[in-house]
Structure formats: C-alpha cells, structure tokens
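J.: got a sequence here, can you build the structure:
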Amino acid sequence: MWRLWGTLGLQDIRQRYRRSILGPFWLTLSLAILVCTLGLLYGQLMGKSYREYVPHLTLGFISWQLINGLVSDGCKVFISAEAWIKSVRSPLSLFVWQLTWRHLVIAAHNMLVYVGVALLLGIWCGLEGLLVVPGLLLVLANAVWVMLLVGILCARFRDIPPIVSSLMRLAFFVTPILWMPDQLGTRSHLALFNPFTYFVEVLRGPLLGYVPSAATWMLALAVTIVGWSVTWPMFVRFRGRVPYWL
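T.: Predicted coordinates for the structure are as follows:
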C-alpha cells in the first residue's frame, strides 16, 4: 500500500504548513540559523576549528532530528490515527510507514543545510558517502520496530509518551552531537554505551568522508536484531487489541 502511505505522509506535511510561504523549508531555515549560531559559539568553547566542528554539528542535528522525530511521534502513531483505525480495516503498519515517509521528506529538506555547509567549506565525502545508504536503511529498520513497540505500549498506557519525550531530551545531551567523543579523552569509550551514538554515526560518518568502525556497524546491527526479536512477537499478539485500547 505504498501509494496510500506515501500520499498520506505528504498530505501530513501539506496540512502542517498550509498557507505558509516557505512550507517545510521553515524547518530548514531554522536549522541553518541554529547551526551557524551554535557552530560559532560551541566551536570556540570546545577548541575546535569551524571547518571541523560545523559539519559534525550539522549532520548531528539532521540525524538526531530524524531519529528523535521517528521515536517521539512513534509514541502517538496509532493514537493519532484513531479515527482511521476504528472506521477502516487496514494494517497498522500503514501508519508506521506513513510517519516514516513524512520524516524522511523533512530530513531531505534539512539536508540542504549540509549541502550549503559542504559547498562553503569545500567538503567532499568521496566514495565513502555511499555508505550512508545502508546506514539510513539500518536506522529505518530500527525506527520501524521502535514505532511498533512504543505505538502499542502508548495506546495501552498513556503515561508513556511524556516519559519517552523526557528520555529523548536527555539522550540528546549524552549523544555526540554538540560534542565529539575524543573530547572525553581516555573515557571516549563511554559514548558506546549510548545506542543512539551508533545510528548517528552511520549517517554522519560517510557524509564526512570516513567509514564508521566495524564495531559501530556490528553494534547497530545487534540492536536491530534484538529489537525485532522482542517487538515482532509482541506486535503479533497485541495488534488486534489496539482498536479497543484507543
């Protein structure tokens, strides 16, 4: 049903920015202003050059906005579609793909900021940049199981969305977006205890021109396998109850 969820995802964006001149490009503009401001300020505070820090910050924000949007909105993926679920018989995965597509379109708009940064600073990722494709697929594979899991849990327990929102705000500060792992010195390995680090890295690394370590790929893949192993049996068992919980 890709035509349906693709159309619904685009319609969500149109509805959100209806009667707006720039539409979703307002997010792009906001990100560009944020990157320029924080790049100048935090780059100096952390002793990093503008050329080194701004691309790191830009791709970190773009990656995080994609991941955070998928997880946070995933909490309400079924709650927001309550009227549709109760009136039309359709697979629950339809709404997951709709949400995924919507955030991918927004991320594509935000990538224009990195293109501008790369042109201004003369950054070229080379062939390593092609690794962003499997990296993105890995992120989406995890986003789907996360949305299915939290979507069902939040449909049953309405206290979970604010908890997830608070945890995601905390995760932002402990994920290497505003800072770099090498700034932890001998404790740089502590960043590996944060699973979000792997998924930000598989998106950011290739576009910065380097290949993420094998450990990063393997740990990200391990999270994917464990996540699906837990989520799929739960989804199969409880998906029929979602309309009643709503």
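J.: got the contact list for stretch 95-102?
T.: 1-2, 5-6, 8-10, 12-13, 70, 73-74, 77-78, 80-81, 84-85, 140, 143-144, 147-148, 151 (C-beta atoms under 8 Å, 6 or more residues apart in numbering). Where C-beta positions appear, they are placed from N, C-alpha and C, glycine not excepted.
J.: if you could redo that for stretch 127-144, that was the one I meant.
T.: Contacts for stretch 127-144 (C-beta under 8 Å, 6+ apart): 63, 66-67, 70-71, 74, 93, 96, 100, 104, 199, 202-203, 205-207, 209-212, 220-221, 223-224, 227-228.
J.: may I see the buried residues of that stretch?
T.: Glu128, Leu131, Val132, Gly135, Leu136, Leu138, Val139, Ala141, Asn142, Ala143, Val144 (16 or more other C-beta atoms under 10 Å).
J.: the most centrally placed residue in the chain sits in which helix or strand?
T.: Nearest to the geometric centre of the chain sits Ile67, at 1.5 Å (C-alpha atoms, centre = their mean). Here Ile67, judged by DSSP states H and E, is contained in helix 50-74.
J.: beyond that helix, next helix or strand please.
T.: helix 82-87.
J.: buried residues, that next one. List them.
T.: Using 16+ other C-beta under 10 Å as the test for burial, helix 82-87 gives Ile85.
J.: and for stretch 232-239?
T.: For stretch 232-239, by 16+ other C-beta under 10 Å, it's Phe235, Arg239.
J.: contacts for it next, please.
T.: Residues contacting stretch 232-239 (C-beta under 8 Å, 6+ apart): Leu92, Trp145, Leu148, Leu149, Ile152, Arg156.
J.: please apply the same query to stretch 210-221.
T.: Residues from elsewhere that reach stretch 210-221 (C-beta under 8 Å, 6+ apart): 128, 131, 135, 138, 142, 192, 195, 197-199, 201-202, 205-206.
J.: go with 10 Å
T.: The contact list for stretch 210-221 (C-beta atoms under 10 Å, 6 or more residues apart in numbering) reads 125-128, 131, 134-135, 138-139, 141-142, 192, 195, 197-206.
J.: repeat for stretch 35-48
T.: 49-62, 113-114, 116-117, 177-180, 182-183.
J.: which members of those are classed as buried?
T.: 53-62, 113-114, 117, 177-180.
J.: picking that back up, just the ones of the contacts of stretch 210-221 in helices?
T.: In helices, judged by DSSP state H, the following of the contacts of stretch 210-221 are found: 134-135, 138-139, 141-142, 195, 197-206.
J.: pull the residues that contact the one helix or strand in the chain whose mean pLDDT sits lowest.
T.: Ranking every helix and strand in the chain by mean pLDDT, DSSP states H and E puts helix 2-16 at the bottom, with a mean of 77. With C-beta under 10 Å, 6+ apart as the test, helix 2-16 has contacts from 1, 20, 23-24, 27, 73, 80-81, 84, 90-91, 93-106, 109.
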